[in-house]
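[1] Below is the sequence, then the predicted model.
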Amino acid sequence: MKEQSDLEPPRKKPRSKIIKGLYFLGGTLSLSLGIIGIVLPILPTTPFLLLAAACYARSSQRFYNWLLNNRILGSYIRNYLEGKGMPIKVKIFTISMLWITILISAFLIIQTLWIRVVLIIIAIAVTIHIILIRPKKRKETSLNSK
């Protein structure tokens with residue numbers, strides 16, 4: 001695993017307390033959406049957690065460190081920053097859950113056509129993103145499960 005300093009994004013000091021506060025607010029909002037994304041397949045978890053980490057890195061080193069070292073949320077960020085892949089089974093499960101949720105929402109809950117179209121476009125984009133994540137090698141999977 002890389003050292004903590006290797007995972008830190010380049011940081012620039014915010015110019016004022018207001019900007020720092022806005023970064024913190026953005027980080028907290030992104031963190032909330034990322035947490036919701038863990039249980040709701042429509043929202044992508046990792047991009048929101050990465051955005052939260054970037055915002056916290058510019059506003060609060062304490063919150064950045066907490067997020068990166070969190071036993072549940074930190075692994076999403078560390079795996080992405082370290083370039084680790086995603087197991088094929090997880091890809092299949094994630095894409096399946098995404099499409100089941102989107103199709104149920106689009107055709108049983110949503111009545112407006114343009115919202116249905118937007119949901120399908122989001123599902124296609126997220127599916128492409130997940131497919132493009134390199135598959136995790138068996139060796140990496142077995143080492144992490146021990």
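    Received it, and whenever you're ready, just let me know what you need.

[2] what's the pLDDT at Y23?
    We have a pLDDT of 92 for Y23.

[3] what does the helix or strand in which it is found contact?
    Taking DSSP states H and E as the criterion, Y23 maps to helix 17-39. Helix 17-39 is contacted by residues 14, 43-49, 51-56, 58-60, 63, 67, 73, 76 when judged by C-beta atoms under 8 Å, 6 or more residues apart in numbering. Using the backbone N, CA and C atoms, a C-beta is placed for each residue, glycine as well.

[4] so what's the one residue sitting closest to the centre of the chain scoring on pLDDT?
    The centroid of the chain falls nearest to T46 when counting by C-alpha atoms, centre = their mean (1.1 Å). Reported pLDDT at T46 in the predicted model: 77.

[5] burial of G26, as a residue count?
    Neighbours of G26 under the rule other C-beta atoms under 10 Å: 17.

[6] do I130 as well
    By other C-beta under 10 Å, neighbour count at I130 equals 17.

[7] so it touches I95, yeah?
    Yes. Look at I130 against I95 with C-beta atoms under 8 Å: they come within range, at 5.7 Å.

[8] other SSEs contacting the very next helix or strand once past the helix holding Y23?
    As assigned by DSSP H and E, the chain's next helix or strand after helix 17-39 is helix 45-59. Applying 3 or more C-beta pairs under 8 Å, 6 or more residues apart in numbering; DSSP states H and E, one finds that helix 45-59 contacts helix 17-39, helix 61-69, helix 73-81.

[9] For this protein, which element, helix or strand, carries the lowest mean pLDDT?
    Least confident helix or strand, the chain: helix 138-145 with a mean of 49, by mean pLDDT, DSSP states H and E.

[10] Which helix or strand contains the residue sitting furthest away from the middle of the chain?
    Relative to the centre of the chain, the most outlying C-alpha is that of Q111, 28.7 Å out, by C-alpha atoms, centre = their mean. Assigned by DSSP H and E, Q111 falls within no helix or strand.

[11] For it, report the pLDDT, please.
    pLDDT, read off for Q111, is 90.

[12] phi, psi of it?
    Backbone torsions of Q111, given as degrees, to the nearest 10, read phi -100, psi -20.

[13] And it, how close does it get to T101?
    Using C-beta to C-beta, to the nearest Å, we find Q111 at a distance of 17 Å from T101.
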